[in-house]
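Novice: dropping the sequence and predicted coords here.
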Amino acid sequence: MTPPAVITLGESMILLYPRNVEASLSETEELVVEVAGADSNFAIAMTRLGFEAGWISRVGADPLGERVLKTISREGVDTSQVVLDPDHPTGIYIKYHESSPSPAPTSHPAGGQGGGSGSRVIYYRRGSAASHLRPDDLNRDYFANIRVLQLSGMTCALSRTCEETVRRAIELAQERRARICFDLNLRLQLWSLAKARQVIGSLLPAVSVLFGSEEEYTQFFDKPSVVDALIEAHGLGPQTVVAHRGERGAVALVRGRMVSHPGYRPPKIVDVVGAGDGFNAGFVAAVLREMGPQEALAIANQVGAAAVTTPGDFQGYPSWDDIGRGPAWPEREREGIDWPERSTG
């Protein structure tokens, strides 16, 4: 097989959620079994948008790991570089509606295109197979045709060896002069903000495109506004910095030029988890097709909006043909953004 142009790296897990997505987790009698993970979500979205994508990870050599591999492979993603780990299990997480009266100390608001509009998650991932990912799991030849490497802060947070693997992947991508895209994906239940700043900050000079939610940008860069945070991030290396803002669309700073898009208004928001990953893929797919930043933001928002209309992380992602038919919903009203008086250099 020819190595893919788009490579992602990180954990994917078994996802459980109530069949009635608005049901109480403590009282539901039926859970749906799916597969999800930020990096494989991105890879799935990229394949639907017309690109060959590969996902690198570890899963347990168990029935749940088999389920993960079959599901992701069925979506057209190459999983040939995934290691079956006989000593560590496949991770699991549970997703439920935030109106559920079932609080859990390990739960947190889920990130994504829809902001805080409904989903919460509980992870069971400590000691998982993916947390034992190591640099030796990477094959240099697999990076032969790479154009984009997509990474996230969450992978770095899983373990020291995962962080080392991310750094090695960056080295291999740089050898091929590939774009390195990075999602802040802070997940502060896995590590401290100080540690996240230390590790991610050391990677930013190598990053071409930086993604994150508005809240992640302002928190990570300790700035009062997303615009201030984008300017700070841009100055640390990435030529393109992009923030998705949930129902308020997205903003970006691209080579010193500020752009924004108001987003779209789907008729119903069912599940926001996975929308941010789709958003990132939409932006990258547009960039790879040599579209401008304004159009890339519009396509990213289109993918993110489609994602929130269905349960599950990736089920709502559109194809490139869907994108070509235009948005299915109207744009939201544009709101004023406090841009600098002139572009930053």
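Specialist: Nice, thanks for sending it over.
Novice: report the secondary structure state of Ala306.
Specialist: Under DSSP: H, G, I helix; E, B strand; the rest coil, Ala306 falls in the helix class.
Novice: what's the answer for the one 10 residues further on, then?
Specialist: Assigned by three-state DSSP, the conformation of Gly316 is coil.
Novice: count of neighbours near it?
Specialist: 22 (other Cβ atoms under 10 Å). In this view, the C-beta of every residue, glycine as well, is placed from N, C-alpha and C.
Novice: if I look at the nearest residue to it once chain neighbours are set aside, how far off is Ile72?
Specialist: Leaving aside its chain neighbours, Gly316 sits nearest to Thr310 (3.8 Å; criterion: Cβ to Cβ, 6 or more residues apart in numbering). Using Cβ to Cβ, to the nearest Å, one obtains 18 Å as the distance from Thr310 to Ile72.
Novice: now Glu34
Specialist: 11 Å.
Novice: please apply the same query to Gly153.
Specialist: As defined by Cβ to Cβ, Gly153 lies at a distance of 21 Å from Ile72.
Novice: next: Asp222.
Specialist: Distance check for Asp222 against Ile72: by Cβ to Cβ, it reads 36 Å.
Novice: same check on Asn139?
Specialist: For Asn139, the distance to Ile72 equals 18 Å [Cβ to Cβ].
Novice: more neighbours, those two?
Specialist: Here Asn139 and Ile72 are set side by side on neighbour count (other Cβ under 10 Å), and the busier one is Ile72, at 27 against 13.
Novice: picking that back up, does the residue nearest to Gly316 count as helix, strand or coil?
Specialist: Remark: Thr310 carries the secondary structure label coil [criterion: three-state DSSP].
Novice: tally up the residues packed near it, please.
Specialist: Counted with other Cβ under 10 Å, the burial measure for Thr310 works out to 15 neighbours.
Novice: my guess is it contacts Val270. True?
Specialist: Yes - using Cβ atoms under 8 Å, Thr310 is in contact with Val270, at 5.9 Å.
Novice: tell me where the stretch 51-200 of the chain has strands.
Specialist: 53-56, 58-60, 83-85, 92-97, 107-109, 119-124, 148-152, 179-183 (DSSP state E, counting those that start in this stretch).
Novice: which stretch among these comes nearest Leu15?
Specialist: Proximity to Leu15 (Cβ to Cβ) singles out strand 92-97 among the strands of the stretch 51-200 of the chain, at 6.0 Å.
Novice: could you give the mean pLDDT of the closest one?
Specialist: Averaging the model's pLDDT scores along strand 92-97 yields 85.
Novice: how far away from the center of its chain is it?
Specialist: When C-alpha coordinates are averaged (Cα atoms, centre = their mean, to the nearest Å), strand 92-97 and its chain have centres 17 Å apart.
Novice: what's next to it, contact-wise?
Specialist: Taking Cβ atoms under 8 Å, 6 or more residues apart in numbering as the criterion, the residues outside strand 92-97 that touch it are 13-18, 21-23, 25, 31, 36, 64, 102, 110, 118-125, 271, 273.
Novice: rerun at 7 Å
Specialist: When contacts are defined by Cβ atoms under 7 Å, 6 or more residues apart in numbering, strand 92-97 is touched by residues 13-18, 21-22, 25, 102, 118-125, 273.
Novice: emit the PyMOL select command for whichever of those residues are buried.
Specialist: Per 16 or more other Cβ atoms under 10 Å, the buried members of the contacts of strand 92-97 correspond to this PyMOL selection:
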select buried, resi 13+14+15+16+17+18+21+25+102+118+119+120+121+122+123+125+273
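Novice: contacting residues for Arg134?
Specialist: If you count contacts by Cβ under 7 Å, 6+ apart, Arg134 has them with Thr161, Glu164, Thr165.
Novice: narrow those residues to those in helices?
Specialist: Counted as lying in helices by DSSP state H, out of the contacts of Arg134, are Thr161, Glu164, Thr165.
Novice: wait, which of the residues you listed is closest to Val83?
Specialist: The shortest separation between Val83 and any of those is 11.1 Å, and it belongs to Thr165 (by Cβ to Cβ).
Novice: wait, that closest one touches Pro135, no?
Specialist: Yes - with contact defined as Cβ atoms under 7 Å, Thr165 reaches Pro135; the gap is 5.1 Å.
Novice: if we can go back for a sec, filter the ones in helices among the contacts of Arg134 down to the buried ones.
Specialist: When neighbours are counted using 16+ other Cβ under 10 Å, these contain these buried positions: Thr165.
Novice: just give me the residue right at the centre of the chain.
Specialist: The centroid of the chain falls nearest to Asp277 when counting by Cα atoms, centre = their mean (3.3 Å).
Novice: so what pLDDT did Ile245 get?
Specialist: That one is not Ile; residue 245 is Arg. Predicted confidence (pLDDT) for Arg245: 92.
Novice: over to Asp39?
Specialist: The predicted structure lists Asp39 with a pLDDT of 96.
Novice: ok so it is a strand residue?
Specialist: No - going by three-state DSSP, the assignment for Asp39 is helix, not a strand.
Novice: so for it, what's the nearest residue that isn't a sequence neighbour?
Specialist: For Asp39, the spatially nearest residue (Cβ to Cβ, 6+ apart) is Gly10, at 3.4 Å.
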